[in-house]
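Visitor: The amino acid sequence is not available; the structure is as follows:
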Ligand SMILES: Nc1ncnc2c1ncn2[C@@H]1O[C@H](COP(=O)(O)OP(=O)(O)O)[C@@H](O)[C@H]1O
Ligand SMILES: [Mg+2]
């Protein structure tokens with residue numbers, strides 16, 4: 001995509017390629033500032049980008065500031081484009097370039113991540129794809145991106161959505177919560193649990209279920225709750241197995257003990273979670 005989007009954004013490098021479209025860096029000719037452009041082909045059957053835009057707009061209009069502000073959204077050469085500020089790097093890239101962060105720094109990071117996730121939950125938005133690649137850093141500040149899979153956890157009458165039994169898993173298997181892997185509809189609890197898996201990854205650079213090998217299963221696709229490998233990973237995510245992860249940080253065990261006990265439609269005490277890492 002070598003182009004001028006909306007008569008002002010000069011498209012530069014490809015900086016991310018996801019399952020539904022690419023992300024490019026761009027410079028605004030008028031302001032000489034940098035932006036990111038997330039794209040989706042007009043022929044795509046999913047229409048995820050428009051949904052992402054509406055969630056971002058809702059959050060921003062309700063004073064959430066740890067998410068990208070939309071500079072432009074529209075159609076350019078049969079490609080939908082979402083223009084937002086360009087961040088320095090995602091959390092995964094940050095961790096790869098900063099080995100062995102001191103523990104107090106890591107705990108501070110955890111507290112900030114809890115507050116960030118809290119800020120969208122307080123507006124009844126679930127992210128449903130919590131993972132290091134979806135947290136961005138710019139000038140030491142954290143931002144949550146990629147709201148393509150996100151949704152509200154309440155209906156038009158402000159009632160919490162009912163838990164229903166699902167057979168397919170939304171989001172990535174690696175960070176998806178134990179309860180979602182069992183087929184529960186994702187709720188706030190599950191974002192909080194996924195955040196815990198992310199903390200595990202930040203502390204140990206790996207997750208206990210990373211090396212579960214491919215298991216032949218001709219009956220179920222990988223995102224089906226009955227897929228054999230998915231079931232195996234779910235067993236690793238049981239609280240009792242996580243607790244036994246060698247040398248696991250005691251504060252993290254407490255984080256999991258608390259978060260696994262949150263009810264489906266309950267909001268956690270974010271303050272108590274932050275206090276674990278003081
Ligand atoms: N505003 C941005 N600034 C810098 N990099 C970005 C920005 N938005 C996305 N990226 C990069 O592109 C990747 C994919 O973008 P994301 O919105 O998460 O889409 P996907 O749905 O494909 O995961 C991110 O993990 C990040 O590395
Ligand atoms: Mg992403």
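Guide: Arrived safely, thanks for sending. Treat the numbers as computed from the prediction; the structure is a model and nothing was measured. Ligands and ions are numbered 1, 2, ... in the order given.
Visitor: next one: stretch 141-150 to chain centre, how far?
Guide: Average the C-alpha atoms of stretch 141-150, do the same for its chain, and the two points are 6 Å apart (C-alpha atoms, centre = their mean, to the nearest Å).
Visitor: Can you give the contact residues for it?
Guide: Outside stretch 141-150, the residues within contact range by C-beta atoms under 8 Å, 6 or more residues apart in numbering are 18, 20, 48-49, 51-52, 55-56, 59, 66-68, 84, 87, 91, 112-113, 116-117, 120, 125-129, 133-137, 170-171. Where you see a C-beta, it was placed from the backbone N, CA and C, and this is true even at glycine.
Visitor: Look at residue 20 and tell me its secondary structure.
Guide: Under DSSP: H, G, I helix; E, B strand; the rest coil, residue 20 falls in the coil class.
Visitor: what bridges to residue 14?
Guide: Residue 14 forms beta bridges with residue 24, as assigned by DSSP bridges.
Visitor: What segments of the stretch 1-150 of the chain are helices?
Guide: Secondary structure of the stretch 1-150 of the chain by DSSP state H, counting those that start in this stretch: the helices cover 48-61, 91-97, 103-121.
Visitor: Nearest to residue 37, out of those helices?
Guide: Set against residue 37 and scored by C-beta to C-beta, the helices of the stretch 1-150 of the chain come closest in helix 48-61, at 10.7 Å.
Visitor: at contact distance from ligand 1, anything in that closest one?
Guide: No. With C-beta under 6 Å from any ligand atom as the criterion, ligand 1 is not reached by helix 48-61; the gap is at least 7.5 Å.
Visitor: pLDDT of that helix, averaged?
Guide: In this model, helix 48-61 has a mean pLDDT of 98.
Visitor: what about that helix, distance to the chain center?
Guide: Between the mean C-alpha point of helix 48-61 and the mean C-alpha point of its chain there is a distance of 15 Å (C-alpha atoms, centre = their mean).
Visitor: and the closest residue to residue 124 other than its chain neighbours, backbone torsions?
Guide: Spatial nearest neighbour of residue 124, chain neighbours left out: residue 154 (4.8 Å); criterion: C-beta to C-beta, 6 or more residues apart in numbering. For residue 154, the backbone dihedrals are phi -120, psi 160 (criterion: degrees, to the nearest 10).
Visitor: residues near residue 154, how many?
Guide: Around residue 154 there are 12 other residues, counting by other C-beta atoms under 10 Å.
Visitor: Likewise for the one 5 residues further on?
Guide: Summarising burial for residue 159: neighbours were counted as other C-beta under 10 Å, giving 9.
Visitor: quick one: it from ligand 1, how far?
Guide: From residue 159 across to ligand 1, the span is 29 Å (C-beta to the nearest ligand atom, to the nearest Å).
Visitor: again with residue 178
Guide: Taken as C-beta to the nearest ligand atom, the spacing of residue 178 relative to ligand 1 amounts to 22 Å.
Visitor: Return the members of the contacts of stretch 141-150 classed as buried.
Guide: Using 16 or more other C-beta atoms under 10 Å as the burial test, the contacts of stretch 141-150 include 20, 48-49, 52, 55-56, 59, 66-68, 84, 87, 91, 112-113, 116-117, 120, 125-129, 133-137, 170-171 as buried.
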